[in-house]
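A.B. asks: what shape does this take:
(one chain, ligands or ions: 1)
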Amino acid sequence: MAPRLWDVGVMTRSRAFAPENGDAFIVKRQNRQLLVGVIDGLGHGELAQVAALAAQGYVQKHDDLPLEKIFLGASRACRATRGVVMALARFSPPARMSFASVGNVEARVCGSRERIAFLPRRGIVGVDELRVSVHEISWDPYWVLVLHTDGLRTHWQWDDFPGLGREPAKEIASRLMRDLAIGNDDATVLAVKSEAP
Ligand SMILES: [Mn+2]
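C.D. replies: Numbers count the residues shown, from 1 in each chain. The predicted structure is shown next:
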């Protein structure tokens, strides 16, 4: 089977007039694997940013660990901060995707005829003692994964964006940011699709 690469697009910005962004993201490629994630530090401003960067730093250094262990380690790394909510997804060729999340991060598998629901684990990374459950799914090359923080409206339908799935991931992320961002919160959206399915 030909190597399958992943097309990733991400957009992030702080809330209106705020110099610090309390959101962060992860895009880490290793061999043929890809780890992506979206992080929202609690609240906003400098303390939210400190929390988000602590989580991001841990994940980037330990991207080869199983997702459960990444969450446990990130929780320790964020203990002195306000904490974060976070969603992580790992893509492994040819068609495996694992996913785990804690707290309020929106995660959608777009383009699937059946609805794929991830059970969100309640809590805060850095505050609660957490054991995440990892979802393993078989990834269809025509699907698009969308992760976003609550700086974007959660009530939206993929059907509201006809044809967007054929665009590059970067275009998907910027379109969703443009149409769904709320304005009074930090906002981050990340899209992943298979390169040339
Ligand atoms: Mn937020």
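
A.B. asks: can we go C-alpha only for contacts and neighbour counts from here?
C.D. replies: Will do.

A.B. asks: now the strands for this protein?
C.D. replies: In the chain, the strands defined using DSSP state E lie at 6-13, 23-30, 33-41, 84-92, 96-102, 106-110, 135-138, 144-148, 187-194.

A.B. asks: parallel or antiparallel, list what pairs with the last one.
C.D. replies: It refers to strand 187-194. strand 6-13 (antiparallel), strand 144-148 (antiparallel) (DSSP bridges).

A.B. asks: what residues does that strand touch?
C.D. replies: Strand 187-194 has contacts (CA atoms under 8 Å, 6 or more residues apart in numbering) with 4-15, 23-25, 37-38, 141-152, 169-170, 172-173, 176-177, 181.

A.B. asks: tell me who's in contact with the nearest residue to Leu53 once chain neighbours are set aside.
C.D. replies: In space, and not counting its chain neighbours, Leu53 is closest to Ala24: 6.9 Å by CA to CA, 6 or more residues apart in numbering. Neighbour list for Ala24: Thr12, Val38, Ile39, Asp40, Ala52, Leu53, Gln56, Thr188 [criterion: CA under 8 Å, 6+ apart].

A.B. asks: quick check: bridge partners of the fourth one?
C.D. replies: Note on Asp40: beta-bridge partners by DSSP bridges are Asp23, Val85.

A.B. asks: show me the contacts for it.
C.D. replies: Residues near Asp40 by CA under 8 Å, 6+ apart: Gly22, Asp23, Ala24, Ala48, Ala52, Val84, Val85, Met86, Val105, Thr149.

A.B. asks: skip the chain neighbours and tell me the closest residue to the first one.
C.D. replies: Counting by CA to CA, 6+ apart, Gln49 is the residue found nearest to Gly22 once chain neighbours are left out, at 3.9 Å.

A.B. asks: confidence score at the one you found?
C.D. replies: Note on Gln49: pLDDT of 98.
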